[in-house]
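Engineer: sharing a sequence plus its predicted fold:
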Amino acid sequence: MTTLPRSTVLATACAAFMAMSTAQAADAGTALTLYRSDSAALFASSGDGSVGEGHAVVREQRTLQLKAGTQDVAVGDLPLYLDPEAIALSFGKDQAVLVSQRLLLGQGNEAALAGLVGQEITVLGDNGESLAQGTLLRAGTGLLVKGAMGTTLVRDYAAVRSAGGSFPTGASLRLRVDAARAGTAIATLSYPTAGLGWRAAYVATLVPGGTCRMQFESRASIANRSGRDWHDATLKLVAGEPRFAKLEAPQPMAMSMARAYKAGAADMPQQSSLGDYRLYTLPQPVDLPDGSVSQVPLYATRTLACERTALYENGNAWTPPEPMLAPDFNTGGGNTIESTLRFTAFDSLPAGYLRVLGNDNQGTPQFLGEGRIDDTPKGSDATLSLGTAFDLRAERERTSFKVDKAARAMDEAFRITLTNAGESARVVTVREHPSRWREWTLVSSSVKPDKQSPDVLEFKVNVPAGGKATLDYAVHYRWAADQ
C-alpha cells in the first residue's frame, strides 16, 4: 500500500470534481408520496444545504448490470436522510436474490464520494497528474483505491474523475445479491426520507364592491432539500397528520412553478381518500431540483363569498373551577381591533397559509394580511386575522362589580367605547366571554346581542365615520352551595 501526504482540504476537492460531473439520475418511473410539513427551514428561501425535515416515501426503479452468482453492487444517488430500517429492494422475474444491504450515509464532505465506492475512478493532483487509478474501495479521511499496481491510500488530491461519466450524490446503498444469471436486472427500490415535504399555499384577492367576495387560488408548495434532484417524478400529496413513532426518523432557495397546467378542473390533482387522510395525485410528472420550492395548482381558481369583520374580543372560552370573586379578574383593557376574514371551504382544504390581497385606489393588488388555515373539511368555516384595523380603537372599563356571598351571586357591568377615525361608518363586532362562572345571565345591554352562548356574548356595534359609539352591558352570576 502506498500512502501519499495530505495537505489539500477535502471540501476543495469535492467542489472541483462536482464542477466536472453531473449527478446520476434514477431510472424512469420514480414515484414520490409527500406528507405535509410545517417546517420553516424546509421552505426557507435563504440558507444553504439540505434539511432533515419533512417526510416522503420514494419508489423508483434501478437498472443493475449483474454477473452470475454472489456479488456486491452499489446503488448511489440517494437522498441524505433515509430511514435505514425501512429500505426495501426487490428484483422481478427471479433475476436475483438480495442477501444483505448496507446504507452508507452521504453527509459531510464525503457526500459526493460515497456514491462512487465500487466504481472506477481517477484521482488527480494539483497539476492534473494522475495519483491513482482503479476501483474506489473507501471514501473517508482519504481515498482507498485498488488498481493494477496494488492498493493506494490517497490523502492529498485536487479532484476525482469518474470513469463512467456519472457522479452519484447523497447517500449510497451497498447490496450483496445472488444473481441466477448474468445480464441486466431491474430492481424496485422504496424508502422513506426527509428533506421533502409540502404544504398548501392560498391567495385570496378581494373583489371590489359592497359585498365581500374574493378570487381564491389554491396551490401546493413542494420543498426539496433532500440532497438530490428528482426528474419527471409522479407525485402524490398526503393531507393529514400521521403519527411518527421514531424521533430520529424523517419528520414532518429558488422559487418555481412546476410545469404550466391548464386552469380546467380536469388538469387539477385527483383527490381521493387514504385511510383517515386525503390524497392528491398530480396529473403530470414534476421536476423537483434540490434546494427548490416548487408550486403546482391544487384546485381551480374560483370566486368565493366571504365575510369581513372588525373584531374586538376580550377573554376566551375558559371555565374556572370555582366562581371567581376577585374584583380585578378579567379586566381586559386592550385597545386594538382586529380585521378578520371568514369563508366557507368549497372542498377539503389542507393546512397552509392564506395571503389576502386587496386593490388600492389605482386598482393594484396590495398585501392586506396573512394567516394560517388548519385542515378544513368541506363546508366548514375558516377564519383568520389579517392584522390591526388602523382607524378603529376601543376602550373597555368595568363600571360596577358587587358580590353577595350569602346569596351566592355577583353582578358585573362594563362599558366599551369604540372610536372610528375613518371616512366611512364601520360595524365593530364586540365579543365578550363572561368567565367568572359558568352560570350567568345577561341583565341589560345598550345594544341587542347578535349571538349568545354559554361562554360568548357578541354584539355588532355601528360606529359612525369620525365618531364614537358606546356599548354598556351587565351580567348576573349565581352558584349553588356546593360550588
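Structural biologist: Now that the structure is in, tell me what you want to look at.
Engineer: which residues of this protein fall in helices?
Structural biologist: Counting by DSSP state H, the segments of the chain that form helices are 10-20, 40-43, 111-114.
Engineer: how far off centre is the second one?
Structural biologist: If I follow you right, that is helix 40-43. 7 Å (CA atoms, centre = their mean, to the nearest Å).
Engineer: what mean pLDDT does that helix have?
Structural biologist: Mean per-residue pLDDT for helix 40-43: 89.
Engineer: run a quick neighbour tally on Val447.
Structural biologist: Neighbourhood size, Val447 [other CB atoms under 10 Å]: 16. C-beta coordinates here come from the backbone N, C-alpha and C atoms, glycine included.
Engineer: against Ala469, how distant is it?
Structural biologist: Relative to Ala469, Val447 is positioned 9 Å away (CB to CB, to the nearest Å).
Engineer: so what's in contact with those two at the same time?
Structural biologist: Listed contacts common to Val447 and Ala469 are Val461; contacts here mean CB atoms under 8 Å, 6 or more residues apart in numbering.
Engineer: distance between the ends of stretch 142-154?
Structural biologist: End-to-end distance of stretch 142-154 (CA to CA, to the nearest Å): 6 Å.
Engineer: buried set for that stretch?
Structural biologist: Gly142, Leu143, Leu144, Val145, Thr152, Leu153, Val154 (16 or more other CB atoms under 10 Å).
Engineer: of those residues, just say which sits nearest to His55.
Structural biologist: Minimum distance to His55 across the buried residues of stretch 142-154 is 34.0 Å, recorded for Leu143 (CB to CB).
Engineer: any idea how far the closest one lies from Ser444?
Structural biologist: Note on Leu143: its distance to Ser444, by CB to CB, is 86 Å.
Engineer: in this structure, what helix or strand scores lowest on average pLDDT?
Structural biologist: For the chain, counting by mean pLDDT, DSSP states H and E, helix 10-20 ranks last in confidence among helices and strands (a mean of 33).
Engineer: for the residue sitting furthest away from the middle of the chain, give its distance to Lys146.
Structural biologist: The C-alpha centroid of the chain is most remote from Ala406, which lies 56.4 Å away (CA atoms, centre = their mean). Distance, Ala406 to Lys146, using CB to CB: 96 Å.
Engineer: same thing with Gln271?
Structural biologist: Distance, Gln271 to Lys146, by CB to CB: 54 Å.
Engineer: please apply the same query to Leu288.
Structural biologist: Plainly put, Leu288 is 36 Å away from Lys146 if you go by CB to CB.
Engineer: Leu173 now?
Structural biologist: Taking CB to CB, one finds Leu173 at 21 Å from Lys146.
Engineer: now Ala409
Structural biologist: Applying CB to CB to Ala409 and Lys146 gives a distance of 92 Å.
Engineer: same question for Phe346.
Structural biologist: If you measure Phe346 against Lys146 using CB to CB, the figure is 63 Å.
Engineer: repeat for Arg161
Structural biologist: Arg161 sits at a distance of 16 Å from Lys146 (criterion: CB to CB).
Engineer: what does Val117 give?
Structural biologist: Relative to Lys146, and taking CB to CB, Val117 is found at 11 Å.
Engineer: poorly predicted segments of this structure, please.
Structural biologist: 1-28, 47-49, 105-112, 114-115, 164-170, 244-266, 333 (pLDDT under 70).
Engineer: following the record's annotation, map out the domains of it.
Structural biologist: Listed domain ranges for the chain are 2-193, 315-337+389-478 (source: automatic domain parsing).
Engineer: pick the most deeply packed of the ones you listed.
Structural biologist: Ranked by mean neighbour count, these are led by domain 2-193 with a mean of 17 (mean count of other CB atoms under 10 Å).
Engineer: run the chain-centre distance for that one.
Structural biologist: 28 Å.
Engineer: please apply the same query to stretch 290-297.
Structural biologist: Mean-position distance between stretch 290-297 and its chain equals 12 Å (CA atoms, centre = their mean).
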